[in-house]
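1. I'll drop the sequence and a predicted model, then ask my questions.
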Amino acid sequence: MSRIGKKPIQIPKGVAVGVANNLVTVKGPKGELKASVHKNVAVEVKGAEVVVTRRSDMKEDRALHGLWRANIQNMVIGVTEGYAKKLEIVGVGYRAEIKGKKLHLLVGYSHSILFAAPEGVKLEAPTQTNITISGIDKQLVGLTAAKLRSFRPPEPYKGKGIKYEGEYIRRKAGKAAATAGAK
């Protein structure tokens, strides 16, 4: 049996979990999330716990068992604490600022990039070189952070670009190092 899937999910105070026709609804102090669970996975609310079971012992059902248990756990954490990702901008002249409800990025292109956050995601730029993405949906927060990073991924020679906070960029030696050893 799935080690993750068989663990019950504890429901904290102030959170309500409802299940109807394979639709799981989680309401909490920060908002409400809904997810349509796969038909081969059963979800039950027993007291202050949510128990996820699978219909059969087939390989696909075993994989879905742990997946949906983790997804429901992420929903519970999202409506109580929320999720946040932080990005850093590295490069001379690279910067970000909030203009209205859009993020204005200057990352070395001839034009600036205006990015509107999807519904349910909050963007902040505490400094010109930092961006904070927060929200209650873990998947949407991660997707938004990946989209912002894709505008200018960090390059391996000088490390310029948009990277996750604490991300290590493996550096390469430049052209000068290659020609010095060729003599």
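-> The structure has been received and is ready for your questions.
2. OK, contacts around the spatially most central residue of the chain?
-> The residue lying closest to the centre of the chain (C-alpha atoms, centre = their mean) is residue 142, at 2.0 Å. Listed by C-beta atoms under 8 Å, 6 or more residues apart in numbering, the contact partners of residue 142 are 83, 85. C-betas here are computed from N, CA, C, even on glycine.
3. any chance you could map the strands in this protein?
-> Remark: strands assigned in the chain by DSSP state E are 9-10, 16-20, 23-28, 31-36, 41-46, 49-54, 83-90, 95-99, 102-106, 113-116, 121-127, 130-135, 161-164.
4. would you list those in JSON lines and tack on distance to residue 63, mean pLDDT and mean neighbour count?
-> As requested, those are exported to JSON lines (distance: least, C-beta to C-beta, whole Å; pLDDT from 0 to 100; neighbours: other C-beta atoms under 10 Å):
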{"stretch": "strand 9-10", "distance to residue 63": "18", "mean pLDDT": "94", "mean neighbour count": "16"}
{"stretch": "strand 16-20", "distance to residue 63": "21", "mean pLDDT": "94", "mean neighbour count": "13"}
{"stretch": "strand 23-28", "distance to residue 63": "18", "mean pLDDT": "95", "mean neighbour count": "18"}
{"stretch": "strand 31-36", "distance to residue 63": "17", "mean pLDDT": "94", "mean neighbour count": "14"}
{"stretch": "strand 41-46", "distance to residue 63": "10", "mean pLDDT": "92", "mean neighbour count": "15"}
{"stretch": "strand 49-54", "distance to residue 63": "9", "mean pLDDT": "93", "mean neighbour count": "19"}
{"stretch": "strand 83-90", "distance to residue 63": "24", "mean pLDDT": "96", "mean neighbour count": "18"}
{"stretch": "strand 95-99", "distance to residue 63": "38", "mean pLDDT": "94", "mean neighbour count": "16"}
{"stretch": "strand 102-106", "distance to residue 63": "36", "mean pLDDT": "95", "mean neighbour count": "18"}
{"stretch": "strand 113-116", "distance to residue 63": "34", "mean pLDDT": "96", "mean neighbour count": "13"}
{"stretch": "strand 121-127", "distance to residue 63": "28", "mean pLDDT": "95", "mean neighbour count": "16"}
{"stretch": "strand 130-135", "distance to residue 63": "27", "mean pLDDT": "96", "mean neighbour count": "20"}
{"stretch": "strand 161-164", "distance to residue 63": "27", "mean pLDDT": "95", "mean neighbour count": "19"}
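5. closest one to residue 73 among the ones you listed?
-> Nearest to residue 73, of all those, is strand 9-10, at 5.1 Å by C-beta to C-beta.
6. what is the end-to-end distance of stretch 29-44?
-> Stretch 29-44 has its terminal residues 22 Å apart, counting by C-alpha to C-alpha, to the nearest Å.
7. neighbouring contacts of it?
-> Against stretch 29-44 from outside (C-beta under 8 Å, 6+ apart): 14-15, 19, 22-26, 50-56, 60-61, 64-65, 68, 71-72, 75, 78-82, 120, 136-137.
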